[in-house]
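> The following comprises the amino acid sequence and a computationally predicted model.
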Amino acid sequence: MSTPPNSKPLRSAAWFGTADKNGFMYRSWMKNQGIPDHVFQGKPIIGICNTWSELTPCNAHFRALAEKVKRGVIEAGGFPVEFPVFSNGESNLRPTAMLTRNLASMDVEEAIRGNPIDGVVLMVGCDKTTPALLMGAASCDVPAIVVTGGPMLNGKHLGKDIGSGTAVWQLHEQVKAGTITMGEFLGAEAGMSRSAGTCNTMGTASTMACMAEALGTSLPHNAAIPAVDARRQVLAHMSGMRIVEMVREDLTLSKLLTREAFENAIRVNAAIGGSTNAVIHLKAIAGRIGVDLALDDWTQVGRGTPTLVDLQPSGRFLMEEFYYAGGLPGVLRRLGDAGLLPHPDALTANGRSIWDNVKDAAIHNAEVIRPLDQPLVSDGSIRVLRGNLAPNGAVLKPSAASAHLLKHRGQAVVFENLEHYKARIEDPELPITAESVMVLKNCGPRGYPGMAEVGNMGLPPKLLAQGVTDMVRISDARMSGTAYGTVVLHVAPEARAGGPLAVVQDGDWIELDANTGRLNLDISDAELAQRLAAWAEVQRPDPADGAGYRKLYVEHVMQADQGCDFEFLVGCRGAAVPRHSH
């Protein structure tokens, strides 16, 4: 099939479309796979960017799913070529998949730019695979469509549904409180993760799947179809067909990832009770495509948006119920009907506006996708906090917090790093009460490094035994989207970078007011300056940061409010055809 008249010339023609030595070589090498000329000559070459890995359990079913994508590509007249990229899975990778998100994005970017690819299908699932692949593809600005692997089936334990991730935090706290045994805790292990797919709560994986759909980079319903539901395979097939059409239409990512699309996504994140990790990832994606997205946009755009989706960790249900209730199209329709979708005309991957896609969407369960007048939380927008403790900002997720703690003043109990926390938290003599504020340092982008999901510190056993279930916790770390609690995260600048968090001491009074966006260390400016000067004099580089990728990361990663990308990766570099290799 030849390129339709008046369409943009195929990028892959620079490899396969010339009658010279180089064209001869590129075509000949492809033929060693048994591919005849007519299969790829003059057709859109569609890269299938696959994050399959048996070390990334969320994405371990992608081999079969990729075959469905290929069928769709072939049916639409394209030629599919599958290629692997670094699979930065959250479940097994240490110290954290966030450390390698930027590495994976570099892999994606260079694989797209350096190969005869006209458009790309981004096969994503586990938390960091979605932003990494979108970041890499955005830097190239080629036609791209997201195919998510889908969430697991509901977990089952003792005849009840349990949510992946969320159940771990809940049950572990019960073990520490002495209300269940270690055997009972371990008994939930097999039932929590009982099918292929990502976490079945509104954790980071499901949040980022919703963000991809809200940004217009996937087909409708991509976010919520369970991994093992046959409709997931149908969507993969249809996405394979659609990417061929997107190439012919020259529908590149820059036409989808607009400022308007990001504002829609911010509003959607509040409505679904999405993860705080979306703040960092959307900033990084926006930076790659050239959209100016600021931390304060989460307040200015999202404030006042009710949380409508009653899912764990904020609510009761799981992703299966969310899909059966209507999925993200149902949420978008609720927002649109109420005038809360900022930009209904934003373009999406199927060539239609986001509102055209959802204006007739059905909602089958009003308990799961609640009406506007019966929200789970009246204002679920991510709270951006500022003050002398977080000059460049910090974030808090109100839908997962305790309402009575959103305005709180307490004395700090300080942990200098994660190891110090682990050594100190179970001490029965630890001077801590329910009114204290737990402070964890040196777990930010440079400090951990990689900004691990350790911000939702477990409470001390002696308080759990008293029935305490939540406390104010503050750190420069992240927390899993499956977690819950009144947890202030992403404090910027981080402690390792010399932010004020570095000099908080036991007994300092800290004031949190989530409604006004205030996070303050109650000491004078003069004392804060004195402490910071003394801190700077004694700092020494970590010898472990002196070589390899970790050295690159620590030297070039930006702070949380800037999306934790490398400063040299920000911006769209396009996909101009590189020079020949011979």
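On my side now, so go ahead.
> What values do phi and psi take at residue 487?
Here is the backbone geometry of residue 487 (degrees, to the nearest 10): phi -120, psi 120.
> Surely it is in contact with residue 456?
Yes: Residue 487 lies in contact with residue 456 (Cβ atoms under 8 Å); the separation is 5.1 Å. Every residue, glycine included, has its C-beta placed from N, CA and C.
> Spit out the residues that contact the two alike.
473, 479 (Cβ atoms under 8 Å, 6 or more residues apart in numbering).
> what about these two, which has more around it?
The residue with more neighbours, out of residue 487 and residue 456, is residue 487; 27 against 23, by other Cβ atoms under 10 Å.
> Can you name the residues that contact that one?
The contact partners of residue 487, by Cβ under 8 Å, 6+ apart, come to 396, 397, 400, 401, 455, 456, 473, 474, 475, 479.
> May I ask which of the residues you listed has the most neighbours?
Most surrounded of the contacts of residue 487: other Cβ under 10 Å gives residue 397, at 33 neighbours.
> What pLDDT does the model give it?
You'll see residue 397 listed with a pLDDT of 95.
> check contacts around it.
273, 275, 276, 314, 382, 383, 487.
> Spell out the residue ranges of the helices in the stretch 151-300 of the chain.
All helices of the stretch 151-300 of the chain, identified by DSSP state H, counting those that start in this stretch, fall at 166-177, 182-187, 189-192, 204-214, 230-249, 253-256, 259-272, 277-289, 297-300.
> about what we covered before: top of the contacts of residue 397 by number of neighbours, please.
residue 275 (32 neighbours).
> follow-up on the earlier one: when you check the contacts of residue 397 against the strands, which ones overlap?
383, 487 (DSSP state E).
> Save the contacts of residue 397 as JSON lines, and put in pLDDT and distance to residue 495 too.
As requested, the contacts of residue 397 are arranged in JSON lines below (pLDDT from 0 to 100; distance: Cβ to Cβ, whole Å):
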{"residue": "273", "pLDDT": "96", "distance to residue 495": "29"}
{"residue": "275", "pLDDT": "96", "distance to residue 495": "23"}
{"residue": "276", "pLDDT": "96", "distance to residue 495": "18"}
{"residue": "314", "pLDDT": "91", "distance to residue 495": "29"}
{"residue": "382", "pLDDT": "96", "distance to residue 495": "22"}
{"residue": "383", "pLDDT": "96", "distance to residue 495": "21"}
{"residue": "487", "pLDDT": "97", "distance to residue 495": "16"}
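> quick one, which of the helices of the stretch 151-300 of the chain is packed in tightest?
With neighbours defined as mean count of other Cβ atoms under 10 Å, the helices of the stretch 151-300 of the chain peak in mean count at helix 204-214, which reaches a mean of 31.
> how much distance is there from stretch 454-473 to the middle of the chain?
26 Å (Cα atoms, centre = their mean, to the nearest Å).
> residues of it that come out buried?
Buried residues in stretch 454-473, defined by neighbour count with 16 or more other Cβ atoms under 10 Å: 454-464, 468, 470-473.
> what ranges do the helices span in the stretch 301-450 of the chain?
In the stretch 301-450 of the chain, the helices defined using DSSP H, counting those that start in this stretch lie at 319-325, 327-337, 354-358, 418-424.
> Among those helices, which comes closest to residue 572?
Among the helices of the stretch 301-450 of the chain, the nearest to residue 572 by Cβ to Cβ is helix 354-358 (22.2 Å).
> so what secondary structure elements neighbour the closest one?
In terms of contacts (3 or more Cβ pairs under 8 Å, 6 or more residues apart in numbering; DSSP states H and E), helix 354-358 is packed against helix 327-337.
> Quick check: the residue nearest to residue 201 when sequence neighbours are not counted vs residue 225, distance?
In this structure, residue 201 finds its nearest non-sequential neighbour in residue 163, 4.0 Å apart by Cβ to Cβ, 6 or more residues apart in numbering. Going from residue 163 to residue 225 by Cβ to Cβ, to the nearest Å gives 18 Å.
> And for residue 25?
Distance from residue 25 to residue 225, by Cβ to Cβ: 42 Å.
> What of residue 16?
35 Å.
> These two: which is more packed in?
residue 225 (25 against 20).
> Which residue comes closest to the more buried one once chain neighbours are left out?
Excluding the flanking residues, the one nearest residue 225 by Cβ to Cβ, 6+ apart is residue 232, at 4.5 Å.
> can you map out the strands along the stretch 51-200 of the chain?
Ranges of strands in the stretch 51-200 of the chain, per DSSP state E, counting those that start in this stretch, are 79-84, 119-124, 144-148, 155-157, 160-162.
> Pull up the pairing partners for the third one, direction included.
If I follow you right, that is strand 144-148. strand 119-124 (parallel) (DSSP bridges).
> who are the neighbours in contact with the residue nearest to residue 201?
Counting by Cβ under 8 Å, 6+ apart, residue 163 makes contact with 154, 155, 199, 200, 201, 312, 313, 318, 482.
> swap in residue 360?
residue 333.
> just for this protein, where's the confidence low?
Applying pLDDT under 70 to the chain picks out residues 1-7.
> Would you check how far apart the residue nearest to residue 559 when sequence neighbours are not counted and residue 379 are?
Nearest residue to residue 559, sequence neighbours excluded (Cβ to Cβ, 6+ apart): residue 492, at 4.6 Å. To residue 379, residue 492 is 23 Å away according to Cβ to Cβ.
> that older thread, out of the helices of the stretch 151-300 of the chain, flag the one nearest residue 574.
helix 253-256 (9.5 Å).
> got a list of contacts for that closest one?
134, 137-138, 141-144, 215-217, 289-290, 347-349, 572.
> Buried ones among these?
134, 137-138, 141-144, 215-217, 289, 347-349, 572.
> hang on, the earlier thing: next, the contact list for the residue nearest to residue 225, please.
By Cβ under 8 Å, 6+ apart, the contact set of residue 232 is 65, 149, 150, 225, 226.
> so who does the first one touch?
Under the criterion of Cβ under 8 Å, 6+ apart, the neighbours of residue 65 are 123, 147, 149, 232, 233, 236.
> any idea how far the last one is from residue 125?
Taken as Cβ to Cβ, the spacing of residue 236 relative to residue 125 amounts to 12 Å.
> try the second one
Residue 147 sits 9 Å away from residue 125, going by Cβ to Cβ.
> Same check on residue 173?
Taken as Cβ to Cβ, the span from residue 173 to residue 125 is 28 Å.
> would JSON lines of the contacts of residue 65 with distance to residue 111 be doable?
As requested, the contacts of residue 65 are exported to JSON lines (distance: Cβ to Cβ, whole Å):
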{"residue": "123", "distance to residue 111": "13"}
{"residue": "147", "distance to residue 111": "17"}
{"residue": "149", "distance to residue 111": "19"}
{"residue": "232", "distance to residue 111": "25"}
{"residue": "233", "distance to residue 111": "25"}
{"residue": "236", "distance to residue 111": "20"}
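> Out of those residues, the closest to residue 191 would be?
residue 149 (20.5 Å).
> Backbone dihedrals for the closest one, both of them.
According to degrees, to the nearest 10, residue 149 has phi -70, psi -20.
> need the contact list for it.
58-59, 61-62, 65, 123-125, 196-198, 227, 232.
> Longest strand in the chain, please.
Criterion DSSP E: the longest strand present in the chain is strand 407-415.
> Now do the buried residues in it.
408, 410, 411, 412, 413, 414, 415.
> can you check stretch 516-529 too?
So for stretch 516-529, counting by 16+ other Cβ under 10 Å, buried means 517, 518, 519, 520, 521, 523, 528.
> Residues in a beta bridge with the residue lying closest to the first one once chain neighbours are set aside, which ones?
The shortest distance from residue 517 to any non-neighbouring residue, by Cβ to Cβ, 6+ apart, is to residue 385 (5.4 Å). Legend: beta-bridge partners of residue 385 under DSSP bridges are residue 394.
> Tell me how many other residues crowd residue 385.
By the criterion of other Cβ under 10 Å, residue 385 has 24 neighbours.
> Give me the distance between it and residue 512.
Note on residue 385: its distance to residue 512, by Cβ to Cβ, is 7 Å.
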